[in-house]
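Undergrad: I need the structure of the sequence given here:
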Amino acid sequence: EPRTTMHFSADAPIALQALFFVGQTHMEKYGMGRMEPNHSLYSRKVLIEGKSKNVLPDFLRFVHGVVDSEDIPLNISRE
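TA: Below you'll find the predicted structure:
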């Protein structure tokens, strides 16, 4: 059960939908080490990049989620 969720949809300059959530526990505050970002980037429901570090700023690495866009080209991870 997530602590909170956020659904985001934008249409300009590119159309995208995002779903983010914050989990119940935050392991960094217990001294368990630095968390890796857990954001996935999709284009037309095809995974482009898992655990993307460029979706959200580094200080929001405790937020998990997915971003899907119809306007992002499928080869964005190679550019």
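
Undergrad: give me the beta-bridge partners of the residue nearest to Tyr42 when sequence neighbours are not counted?
TA: With sequence-adjacent residues excluded and distances taken as Cβ to Cβ, 6 or more residues apart in numbering, Tyr42 is closest to Asp68, at 4.2 Å. In short, each C-beta sits where N, CA and C put it, glycine included. Counting by DSSP bridges, Asp68 is bridged to Gln17, Tyr42.

Undergrad: Now do the strands in the chain.
TA: 4-10, 16-22, 38-43, 46-49, 63-69 (DSSP state E).

Undergrad: List just the one of those strands that sits closest to Pro57.
TA: The minimum distance between Pro57 and the strands of the chain falls on strand 63-69, with 9.8 Å, by Cβ to Cβ.

Undergrad: Which pLDDT value belongs to the residue nearest to Asn38 when sequence neighbours are not counted?
TA: In this structure, Asn38 finds its nearest non-sequential neighbour in His64, 4.4 Å apart by Cβ to Cβ, 6+ apart. Looking at His64, its pLDDT is 87.

Undergrad: Ile76 too?
TA: What the model reports as pLDDT for Ile76 is 59.

Undergrad: Over to Lys29?
TA: According to the prediction, Lys29 has pLDDT 67.

Undergrad: coming back round to it: redo the strands of the chain as JSON lines? Include distance to Leu56.
TA: Formatted as JSON lines, the strands of the chain follow (distance: least, Cβ to Cβ, whole Å):
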{"stretch": "strand 4-10", "distance to Leu56": "11"}
{"stretch": "strand 16-22", "distance to Leu56": "8"}
{"stretch": "strand 38-43", "distance to Leu56": "6"}
{"stretch": "strand 46-49", "distance to Leu56": "13"}
{"stretch": "strand 63-69", "distance to Leu56": "6"}
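
Undergrad: could you dump the ones you listed to TSV with mean neighbour count and distance to Glu28?
TA: Output for these, formatted as TSV (neighbours: other Cβ atoms under 10 Å; distance: least, Cβ to Cβ, whole Å):
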stretch	mean neighbour count	distance to Glu28
strand 4-10	10	17
strand 16-22	16	13
strand 38-43	19	13
strand 46-49	14	23
strand 63-69	19	12
